[in-house]
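> prediction below, plus the sequence it came from.
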Amino acid sequence: MKINTMKKKIILLTLIAVIACGALVSCGFVSAAAQVAGATGIIDKNTANAITASSQAIGSAAEEITPEQEYYIGRAVAANILSSYKVWKSNSALTTYLNNICAAITINSPRPDIYNGYKVAILDSNEINAFATPGGHILVTRGLINTAKSEDALAGVIAHEVAHIQLQHAVKAIKTSRITQALIVTGTSAVGAAAGMDVNELTSVFNESVGEIVQTMVNSGYSQTQEFDADNTAMSLMASAGYNPQGLLEMLRSLGTGGGSGFGKTHPTPEQRIKNAEKSVGKYNVANNSSFRQARFGAAVK
């Protein structure tokens, strides 16, 4: 099928917008140039609007997500999770205990201070699962807490979720989707301009992408590589806080024998994670004060 001259011009100019923004030329400059070209008759108005929408989408994809934005994205993710779970408020002392563990893990970590801080909440569910959202929200089910046999094991769970936050796994997923959606808007805008489609409608595909990612993160979880990276980082965080990284392996072994729903849907199998963690756990030497922590654990988890 032959492409007419106007469509060729639209596609060419849209590709110029992509290349210019990719080469760190101001996307605002590209947008302004497109509007001038439209006003002077070099290209028609629909074409100018298509190029503007494309350059704005690409520019937005390249922007860094600020700590404040990360926090509010995380709130949206947490709200999504809480549409399926209720927060367990019957034991405020246990919630405080978990937050104290989290504070011990994060205080000497690479990111001790984040916008509005780290917060741990308990989900009222027998399902064995835990979630970390951008910006410091950590959600742990009662089922997972009941599976733990020690404070070190609980610290392993929390450190793993803290690692996801500090490694910005969710934020990276959002950035990747931004770029993908920007290219979708770019490609569709060229065709849409020729067909007389509403550019605002096309651009909304990009603007709605974050909401779609929220759903993907909750249902699909992180990649196996990211989970392994989180385990490796968690062991380092635990050792820095005085916890025994073997606690993470202890928790993984409990998960491997305890069954339960939910956890396998959003994490690699415990066997896979144990095999990965065993490669590096031996390099950590931590003073043994487990009896004190075990007494504290017994008092908190009743």
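Happy to help now that I have it.
> from Leu252, how far off is Pro270?
Counting by C-beta to C-beta, to the nearest Å, the gap from Pro270 to Leu252 is 4 Å. Every residue, glycine included, has its C-beta placed from N, CA and C.
> domain map for this protein?
Domain assignment for the chain, taken from automatic domain parsing, gives 5-65+171-218, 67-169+220-300.
> the more surrounded of Pro270 and Leu252?
Ranked by neighbour count (other C-beta atoms under 10 Å), Pro270 and Leu252 place Leu252 first, with 25 against 20.
> quick one: contacts for that one?
Going by C-beta atoms under 8 Å, 6 or more residues apart in numbering, Leu252 touches Gly156, Pro270, Arg273, Ile274, Ala277.
> mind checking pLDDT for it?
The model reports Leu252 with a pLDDT of 91.
> how about the CA coordinates for the host helix or strand of it, as PDB?
Assigned by DSSP states H and E, Leu252 belongs to helix 246-258. C-alpha atoms of helix 246-258 as PDB (Å, rounded to 0.1, in the frame of the first residue of the first chain):
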ATOM      1  CA  GLN A 246      20.300 -16.100  58.000                       C
ATOM      2  CA  GLY A 247      16.900 -14.900  59.200                       C
ATOM      3  CA  LEU A 248      15.900 -14.300  55.600                       C
ATOM      4  CA  LEU A 249      16.800 -17.900  54.700                       C
ATOM      5  CA  GLU A 250      14.900 -19.000  57.800                       C
ATOM      6  CA  MET A 251      11.800 -17.200  56.500                       C
ATOM      7  CA  LEU A 252      12.200 -18.500  53.000                       C
ATOM      8  CA  ARG A 253      12.500 -22.100  54.300                       C
ATOM      9  CA  SER A 254       9.300 -21.600  56.400                       C
ATOM     10  CA  LEU A 255       7.500 -20.300  53.300                       C
ATOM     11  CA  GLY A 256       8.700 -23.300  51.300                       C
ATOM     12  CA  THR A 257       7.200 -25.800  53.700                       C
ATOM     13  CA  GLY A 258       4.200 -23.800  54.900                       C
END
